[in-house]
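Student: from the sequence below, what's the structure:
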Amino acid sequence: MDATVVFYEVLILFIIIFAGFIAAKTKILRGDTKKHISSFIINITLPVVILMSSQIEFTTEKIENSLWLLGMAVIIFLISIGIAGVSFKKAGNDKEKVLKFAAVFSNSAYMGFPVLNALLGAEGVFYGAVFLIPFNIFLWTYGILIYKKHNSFKHLIKDIMSPSMIAMFIAFLFLGISVKIPYPVNRGLDIIGGLTTPLSMIVIGATLATVKFKTLVSDKWIYIVSAVRLLLLPAIAYFLFFWLSPPEMSLTILVLLVGMPCAAATTIFAQQFGGDTELASGVVSVSTLLSIATIPFLIFLFL
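Tutor: Numbering: from 1, shown residues only. The predicted model follows:
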């Protein structure tokens, strides 16, 4: 990848993040506005982006790349769970829950999809949607089990079947039977999907604006989990599979998405299930700030 292009694309994303930061600090974004924007992204614009990825040409190469990516992603999630299980025991129970969640789950949707779209276009988004399959399965099983147990298999399936997962299955169906969306609908959906990147970056910026400076500088666990999330896990992902000579595209997608900052869901899950919300906000904020440097570093070093 051209170094200048990578730098400019990442810089553009962080300029939008800064706009969200200013909007929150000046009270342009206030109250539940951020929550509503996040809901709009998760339930509308992101599924549309995934659906529109079905309009690329489907080939046997994409099938092979997808299978490689699925297999590697599952292995990395299992390794991440193992590392998280032994790394944060001394943090205390409430903190441990947040740190384990933050270490395992990257911001592959909010942050990852815009980066993939900027660097690789629609094809990158398609493979990003493939990565979401194991991501969502682990998120709604292990992620919730960190805090609570499901009452029934029915509730588990309901949690897994998010709008993005449904859009992924429809996208695969459209690819399989070569469905082409008519131009007016295609163009309208394309515009809606295009809102994902700016809105996601604005939400991240607004999140950064709510975190107390004291929290960011005083808790060592924030920096430990950020190092695991941003450096250790993507390095493991690269060196573990590179020698197997997987498709270049599959390895690129894996390293990029594993190397994203801690998931925005870290804060949401902590709020909903009684975790340390201040720590969760600090982890998301610091890892996002540090990713300004680590994302280009990963691209230059490994890709």
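Student: okay, helices next: where are they in the stretch 151-300 of the chain?
Tutor: In the stretch 151-300 of the chain, the helices defined using DSSP state H, counting those that start in this stretch lie at 153-160, 163-176, 183-194, 196-208, 213-218, 220-227, 233-242, 248-258, 265-273, 277-302.
Student: so what's L290 scoring on pLDDT?
Tutor: Predicted confidence (pLDDT) for L290: 88.
Student: residues in contact with it?
Tutor: S226, L230, P261 (Cβ atoms under 8 Å, 6 or more residues apart in numbering). C-beta coordinates here come from the backbone N, C-alpha and C atoms, glycine included.
Student: separation between it and F297?
Tutor: In this view, L290 and F297 are 10 Å apart by Cβ to Cβ, to the nearest Å.
Student: and if you look at I222?
Tutor: From I222 to F297 the distance is 19 Å (Cβ to Cβ).
Student: neighbour count: these two, which is higher?
Tutor: I222 (28 against 15; other Cβ atoms under 10 Å).
Student: let me know the pLDDT of that one.
Tutor: 92.
Student: likewise S250?
Tutor: 94.
Student: what about it, how many neighbours?
Tutor: 23.
Student: so who does it touch?
Tutor: By Cβ under 8 Å, 6+ apart, the residues touching S250 are N65, S66, W68, L69, M72, Y127.
Student: wait, isn't L289 in contact with G205?
Tutor: No - using Cβ atoms under 8 Å, L289 is not in contact with G205, being 10.7 Å away.
Student: picking up where we left off before, of all the contacts of L290, which comes closest to S38?
Tutor: Nearest to S38 among those, counting by Cβ to Cβ, is P261 at 15.7 Å.
Student: correct me if wrong: the closest one contacts F105.
Tutor: No - contact criterion Cβ under 8 Å: P261 and F105 do not qualify, at 10.4 Å.
Student: which one of those two has more residues nearby?
Tutor: Per other Cβ under 10 Å, whichever of P261 and F105 has more neighbours is P261, with 29 against 24.
Student: pLDDT value on that one, please?
Tutor: In this model, P261 carries a pLDDT of 91.
Student: name the residues that touch stretch 121-136?
Tutor: For stretch 121-136, using Cβ under 8 Å, 6+ apart, the contacting residues are 49-50, 52-56, 62, 65-66, 69-70, 73-74, 77, 105, 108-109, 112-113, 116-117, 120, 160, 162, 164-165, 167-168, 171, 249-250, 253-254, 257.
Student: now with 7 Å, please.
Tutor: 49-50, 53, 56, 65-66, 69-70, 73-74, 77, 108-109, 112-113, 116-117, 160, 162, 164-165, 168, 171, 249, 253, 257 (Cβ atoms under 7 Å, 6 or more residues apart in numbering).
Student: which of those are buried?
Tutor: Among the contacts of stretch 121-136, the ones that count as buried by 16 or more other Cβ atoms under 10 Å are 49-50, 53, 65-66, 69, 73, 77, 108-109, 112-113, 116-117, 162, 164-165, 168, 171, 249, 253, 257.
Student: can you list the helices of the stretch 151-300 of the chain in TSV and add distance to T45?
Tutor: Formatted as TSV, the helices of the stretch 151-300 of the chain follow (distance: least, Cβ to Cβ, whole Å):
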stretch	distance to T45
helix 153-160	21
helix 163-176	10
helix 183-194	6
helix 196-208	4
helix 213-218	29
helix 220-227	27
helix 233-242	26
helix 248-258	18
helix 265-273	17
helix 277-302	20
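Student: out of those, nearest to I81?
Tutor: Of all the helices of the stretch 151-300 of the chain, it is helix 233-242 that lies closest to I81, at 11.1 Å by Cβ to Cβ.
Student: now find how far off-centre that closest one is within its chain.
Tutor: Between the centre of helix 233-242 and the centre of its chain there are 18 Å (Cα atoms, centre = their mean, to the nearest Å).
Student: try stretch 74-87
Tutor: The answer for stretch 74-87 is 17 Å, by Cα atoms, centre = their mean.
Student: over to stretch 50-57?
Tutor: Centroid separation for stretch 50-57 versus its chain: 19 Å, with Cα atoms, centre = their mean.
Student: and A91, what does it touch?
Tutor: A91 makes contact with L99, W221 under the criterion Cβ under 7 Å, 6+ apart.
Student: please tell me how far it sits from D219.
Tutor: Counting by Cβ to Cβ, the gap from A91 to D219 is 9 Å.
Student: show me what counts as buried in stretch 17-24.
Tutor: Buried residues in stretch 17-24, defined by neighbour count with 16+ other Cβ under 10 Å: I17, A19, G20, F21, A23, A24.
Student: same thing with stretch 227-238?
Tutor: Those would be V228, R229, L230, L232, L233, P234, A235, I236, A237, Y238, for stretch 227-238 by 16+ other Cβ under 10 Å.
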